[in-house]
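Undergrad: Predicted model follows, preceded by the sequence.
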Amino acid sequence: EADIYQTPRYLVIGTGKKITLECSQTMGHDKMYWYQQDPGMELHLIHYSYGVNSTEKGDLSSESTVSRIRTEHFPLTLESARPSHTSQYLCASSDARLAGGGDTQYFGPGTRLTVL
Amino acid sequence: AQSVTQPDIHITVSEGASLELRCNYSYGATPYLFWYVQSPGQGLQLLLKYFSGDTLVQGIKGFEAEFKRSQSSFNLRKPSVHWSDAAEYFCAVGAVAGANNLFFGTGTRLTVIP
């Protein structure tokens, strides 16, 4: 059973505010990911990290930024929230060292962000 | 580039009936294939995965999926659906180990009627 946590679960905030979405995992996984999910749409990767001090942008352009100072922690920050940022944000992690290869990703419960 | 198509946006089945959710993928090499389930307000839970070997894979909650290379498909099945199976189901494809991420389909919403 995967142990990956996201806070807050729900956030309603006004335009222009700075926000940080938290993601933590207790499995010691090297890889972590942030996906954005809109209703009826597929998940889109916005950021990922191979390990500490590693961050990369994903397929979907995003105004958010991430950091990876500790293995277990991968926060996502929006410096100035806008209504277009309203979405569900899902964090995931994986351990590529597992036998058999492949990246089985384990997901957190998500943060539903609404920007007014 | 990888891509996944789930042709059915919404499926309704009666409780106890069999279920098949379709998934077609596009990828140049042997893919890693996954099915995830998402209940309302929740994250994604892994149902099963295919990396290699036996093309019929068993997952949790009584689900199974069959990889058919000739059809580029990885359909999810369950012989008898329970009301608690109502959820959104996502098929995903990943490249070989070390790749960046998974590519997801748009999902199939399953409704179960009594």
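TA: Looks like it came in fine. Residues are numbered from 1 along each chain as shown, chains lettered A, B, ... in the order given.

Undergrad: Return the distance of the residue lying closest to A:His44 once chain neighbours are set aside relative to B:Lys78.
TA: Closest residue to A:His44 in three dimensions, ignoring its sequence neighbours and counting by C-beta to C-beta, 6 or more residues apart in numbering or on different chains: A:Leu60, at 3.8 Å. C-beta coordinates here come from the backbone N, C-alpha and C atoms, glycine included. With distances taken as C-beta to C-beta, to the nearest Å, A:Leu60 is found 32 Å from B:Lys78.

Undergrad: So for those two, which sits in the more crowded spot?
TA: Using other C-beta atoms under 10 Å in any protein chain shown as the criterion, A:Leu60 and B:Lys78 rank with B:Lys78 on top: 21 against 13.

Undergrad: In this structure the more buried one contacts B:Ala65, no?
TA: No. Using C-beta atoms under 8 Å, B:Lys78 is not in contact with B:Ala65; the gap is 9.9 Å.

Undergrad: which ones are touching A:Val115?
TA: A:Val115 sits next to A:13-15, A:81-86 when contact means C-beta atoms under 8 Å, 6 or more residues apart in numbering or on different chains.

Undergrad: residue boundaries of the strands in chain B?
TA: B:3-5, B:10-14, B:19-21, B:24-26, B:32-38, B:44-50, B:56-58, B:64-68, B:73-78, B:87-94, B:102-104, B:108-113 (DSSP state E).

Undergrad: cool, chain A as well?
TA: Under the criterion DSSP E, chain A contains strands at A:4-7, A:10-13, A:19-25, A:31-37, A:44-49, A:56-57, A:65-66, A:76-78, A:87-94, A:106-107, A:111-115.
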